[in-house]
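how would this look folded up:
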Amino acid sequence: MKITALETIWLDEFPNLLWVQVYTDAGYIGVGETFYGARAVEAHIHETLAPRLLGADPLRVEYLNAVMTALPVAQASTGVEYRAASALDIALWDLFGKYCGQPVHQMLGGTCFDRLRVYNTCAGYKYVRSGDFRALANWTPNHNEGPYEDLDAFTHRADALAESLLESGITAMKIWPFDVAARETGGRYITSAQLKSCLKPFESIRKAVGDRMDIMVEFHSLWNLPTARMIARELEPFKPLWFEDPIVMNSPQALAEYARSTNVWVCASETLGSRWPYKEYLDRDAMHVVMVDLSWAGGLTEGRKIASMAATYHRPFAAHDCIGPVSYAAAIHMAFSQPNTLIQESVRAFYSGYYRELVTVVPEVVNGFIRPMEGPGLGTELLPSVFARRDVHRLRVNL
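Numbers count the residues shown, from 1 in each chain. As a prediction, this is how the structure comes out:
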């Protein structure tokens, strides 16, 4: 069997999502996905990676991952080269599972759990869905889409949001109320008034539901170290489960200093690519929860190595998901296959919303838990309607 074609697909409505399909002469097709800078990633796939992959045996997944990530410009980052390799690696695992008639989690060694607890990242319906390729819509609520405009809810009705999540069995939530203040000050400092305002959601949640809800705090790497430490001290009385990416993830020493200054776990980081930077942070005791975005860090091949390395440091693993439906499926397969998985990120505005417009199968969250996906490969495909859309862009290169 050999790879006969590579295809990239993107939509004007989701300009930061890029899908890839790997075709073979045996009729098997693998689908993968990555996020952000889709045009640049597409160019790298067709101009640089296609000549290296076309004609190759797609079942040599480990070897092909090395071919894609050993380039001089693809070293330990989440840049264009690693995002391209990640998407293709996910597609190769999907194809591998289809060839063997097994789910990807089985190909990775089988499931370690019958079910996994999820937490709800409180994004809104427009968080990824935007006609502007520059926009991530972190602060663009849309109240007409449906009942789960959780981005607006955690800002203005955090108590009601926590109660709503608990009613559905979800007992953990992630919010980022400090982002607005960081945008206003450049993350260099926070005023007393800003701090007081940013703490309100935590006060509301604890007053409404007590300790029944775990709260993760996302900082999006927006703060300098002294301000991040000050914010952490103010948050500690609310007993957050973790602080995520409080500073830019480019200094293990600085993050280690931050980790030593707080009794709350530090979660890091979806922004790291490959296992090498993770080792630097782990060696310095800078991270307690090892988070990996499979569509950025090198795909499932590299992701399982990072999870395994985390286990050698006695650290839990958590797969990132706040992107697209194919990456979400890949994250779930990875999460079930790793014995040190802590919890799975999910976004109810996504899995009850636009994911269903794009793929055939969306994993179900039932009473706050998710179960392994069934079917060969990833267990989901792009819907035929995606390819019939007026705003679809497809580019294919053949052997």
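
so V104 sits against G97, correct?
Yes: in this structure V104 lies within contact range of G97 using CB atoms under 8 Å: 4.7 Å. (Each C-beta comes from the backbone N, C-alpha and C, glycine too.)

comparing the two, which residue is more hemmed in?
Counted by other CB atoms under 10 Å, V104 and G97 do not tie: V104 has more neighbours, with 28 against 24.

contacting residues for the more buried one?
W93, D94, F96, G97, L300, A330, H333, G377, L378, G379 (CB atoms under 8 Å, 6 or more residues apart in numbering).

same check on R371?
Contact criterion CB under 8 Å, 6+ apart gives D114, R115, L116, P363, E364 as the residues in contact with R371.

looking at these, which are in strands?
Within the contacts of R371, membership in strands is found for L116, as judged by DSSP state E.

I'd like the contacts of V104 laid out as TSV, including distance to A56 and secondary structure.
TSV is the format used below for the contacts of V104 (distance: CB to CB, whole Å; DSSP: H, G, I helix; E, B strand; the rest coil):
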residue	distance to A56	secondary structure
W93	15	helix
D94	16	helix
F96	13	helix
G97	18	helix
L300	18	helix
A330	21	helix
H333	23	helix
G377	19	strand
L378	20	coil
G379	25	coil
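
domain parsing for the chain?
3-101+381-398, 106-370 (automatic domain parsing).

got the ones you listed as a markdown table, with mean pLDDT columns?
Converted to a markdown table, the domains of the chain look like this (pLDDT from 0 to 100):
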| stretch | mean pLDDT |
| --- | --- |
| domain 3-101+381-398 | 95 |
| domain 106-370 | 94 |
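
mind listing the strands for the stretch 151-300 of the chain?
172-175, 214-218, 242-244, 265-268, 289-292 (DSSP state E, counting those that start in this stretch).

quick one: which of those is nearest P58?
Taking CB to CB, strand 289-292 is the member of these nearest to P58, at 23.3 Å.

pairing partners for that closest one, with directions?
Each strand paired with strand 289-292, and its direction, by DSSP bridges: strand 265-268 (parallel), strand 317-319 (parallel).

just the CA coordinates of the longest one, formatted as PDB?
What follows is strand 265-268 as a C-alpha-only set of coordinates in PDB (Å, rounded to 0.1, in the frame of the first residue of the first chain):
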ATOM      1  CA  TRP A 265      -1.400  23.000  40.300                       C
ATOM      2  CA  VAL A 266       0.200  24.600  37.200                       C
ATOM      3  CA  CYS A 267      -1.100  23.200  33.900                       C
ATOM      4  CA  ALA A 268       1.100  23.600  30.800                       C
END
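
G27 in helix, strand or coil?
Assigned by DSSP: H, G, I helix; E, B strand; the rest coil, the conformation of G27 is coil.

tally of neighbours for it?
G27 has 9 neighbouring residues, counting by other CB under 10 Å.

next, give phi and psi for it.
Summarising the backbone geometry of G27 under the convention degrees, to the nearest 10, its torsions are phi 90, psi -10.

all the helices of the stretch 1-150 of the chain, residue numbers only.
Taking DSSP state H, counting those that start in this stretch as the criterion, the stretch 1-150 of the chain contains helices spanning 38-44, 50-53, 61-69, 80-100, 104-107, 150-156.

which one of those has the most crowded surroundings?
Scoring the helices of the stretch 1-150 of the chain by mean neighbour count under mean count of other CB atoms under 10 Å gives helix 80-100 as the most buried, with a mean of 27.

packing partners of it?
Using 3 or more CB pairs under 8 Å, 6 or more residues apart in numbering; DSSP states H and E as the contact criterion, the elements in contact with helix 80-100 are strand 14-24, strand 29-35, helix 38-44, helix 61-69, helix 104-107, helix 294-297, helix 299-312, helix 325-337.

of these, flag the one that's most buried.
For these, the stretch with the most neighbours on average is helix 294-297, a mean of 32; neighbours defined as mean count of other CB under 10 Å.

can you give me the offset of that helix from its chain's centre?
What separates the centre of helix 294-297 from the centre of its chain is 8 Å, taken as CA atoms, centre = their mean, to the nearest Å.

how about the CA coordinates for that helix, as PDB?
Presented in PDB, the C-alpha positions along helix 294-297 are these (Å, rounded to 0.1, in the frame of the first residue of the first chain):
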ATOM      1  CA  LEU A 294      -2.300  16.900  19.500                       C
ATOM      2  CA  SER A 295      -2.900  19.000  16.400                       C
ATOM      3  CA  TRP A 296       0.000  21.300  17.300                       C
ATOM      4  CA  ALA A 297       2.600  19.200  19.200                       C
END
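
what helices or strands is it leaning on?
Under the contact definition 3+ CB pairs under 8 Å, 6+ apart, helix 294-297 sits against strand 29-35, helix 80-100, helix 299-312, helix 325-337.

still on that earlier bit, okay, and the common contacts of V104 and G97?
Taking CB under 8 Å, 6+ apart as the contact definition, V104 and G97 share the neighbouring residues G377, L378.

got a list of contacts for stretch 92-103?
Contact with stretch 92-103 is made by 1, 22, 24, 26, 28-32, 58-59, 61, 64-65, 104, 106-107, 299-301, 330, 333, 372-379, as judged by CB under 8 Å, 6+ apart.

on that earlier part again, top of the contacts of R371 by neighbour count?
P363 (23 neighbours).

give me phi/psi at that residue?
For P363, the backbone dihedrals (degrees, to the nearest 10) come out as phi -60, psi 140.

going forward, begin numbering at 89 instead of 1
Renumbered: residue one is now 89, and that last one reads P451.

how far away is it from S362?
Note on P451: its distance to S362, by CB to CB, to the nearest Å, is 27 Å.

ditto for I91
From I91 over to S362 the distance is 23 Å, taken as CB to CB.
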